[in-house]
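Colleague: Return a 3D structure for these sequence lines:
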Amino acid sequence: MSADVTRTAGFGAGPGGVATITVTASEEGWRANAHLLVLPTSVVLIDAPLLDRDAEVVERELAAVGTPLAAVIVTHPHPDHFATAARFGAPVRALPAVAAAIEKSGAQQIAASYAVTGISDAAPPAPRVEPTILPGPEVIDGVLFEFAEVEDAEASRQLVVRLPAEGILVAGDLVSAGVHPFLAGRALASWRAGLDQLRTPAVRVLLPGHGIPASDGTAVIDATADYLRRAEPELAAASGPHDLDTRLDAAFPELGGRRMHALQNVFLFP
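Modeller: Okay, here's the model as predicted:
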């Protein structure tokens, strides 16, 4: 499966004129998303793909937009969201805790994730990440961004980005659409509580961490919460990695992102 590109032409750009372009990586790239937010005179990229071949799709979309890339913002310290960030040539920004985690072990995470999930490509170098994203409002290219930090969900630290005037929510890996969420942290109860924070204000365009963007944000949030509720007893009952894989695939046969099972099992069954 190759990368998919989703544009807000299907939803309509927001009242401030901000459009979004989402590159959903190939199955080998774990169906992770890189979101281009097209601002009045520049572009902000939220998350960068795991694989260079998927990053090339992002670069083609950037070239088609024709305005400079102001920054790459990383939502959390998992390699499918930061591995290729350095290749774009723009400042890479994140929450301080996220930046520190990538500085400490980013290169090792990229290499390990390639090895465990059977990726034969050469691993890209880890980016240098500036710890300059702080919870609260920030204006970028005349557009109001609201940054929030969520703890102990899919990752120990997760950045959530809202563009309130546009009704755009970038949910990071708090939300997956049509893809198995990554359960390695086992923090399912606090993750569900984090999802509750996303329901208001109303979401016009929801950009998930994995899978295809949606115009019905509440439905996608609800689907992720339902997955976590249904996966919790399967995780508790699983006797080992193969048993858990079988249980999750049987419970959710319609979902993609199965290549992530091998990596999450490294953490769940050390």
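Colleague: Low-confidence regions, the stretch 101-250 of the chain specifically.
Modeller: The stretch 101-250 of the chain contains no residues with pLDDT under 70.
Colleague: quick one: contacts for the nearest residue to residue 205 once chain neighbours are set aside?
Modeller: Spatial nearest neighbour of residue 205, excluding adjacent residues (Cβ to Cβ, 6 or more residues apart in numbering): residue 168 at 4.8 Å. In this view, the C-beta of every residue, glycine as well, is placed from N, C-alpha and C. Residues near residue 168 by Cβ atoms under 8 Å, 6 or more residues apart in numbering: 14, 18, 20, 37, 162, 203-205, 207.
Colleague: Out of the residues you listed, which is nearest to residue 192?
Modeller: residue 203 (17.2 Å; Cβ to Cβ).
Colleague: wait, that closest one sits on residue 167?
Modeller: Yes: using Cβ atoms under 8 Å, residue 203 is in contact with residue 167, at 6.3 Å.
Colleague: Pick out whichever of these two has more residues nearby.
Modeller: Between residue 203 and residue 167, counted using other Cβ atoms under 10 Å, the more crowded position is residue 203 (23 against 18).
Colleague: Contact partners for the more buried one?
Modeller: Residue 203 neighbours (Cβ under 8 Å, 6+ apart): 167-169, 217-218, 221.
Colleague: Swap in 6 Å and give it another go.
Modeller: 169, 217 (Cβ atoms under 6 Å, 6 or more residues apart in numbering).
Colleague: likewise residue 251?
Modeller: residue 230.
Colleague: And it, how far from residue 229?
Modeller: Relative to residue 229, residue 251 is positioned 11 Å away (Cβ to Cβ, to the nearest Å).
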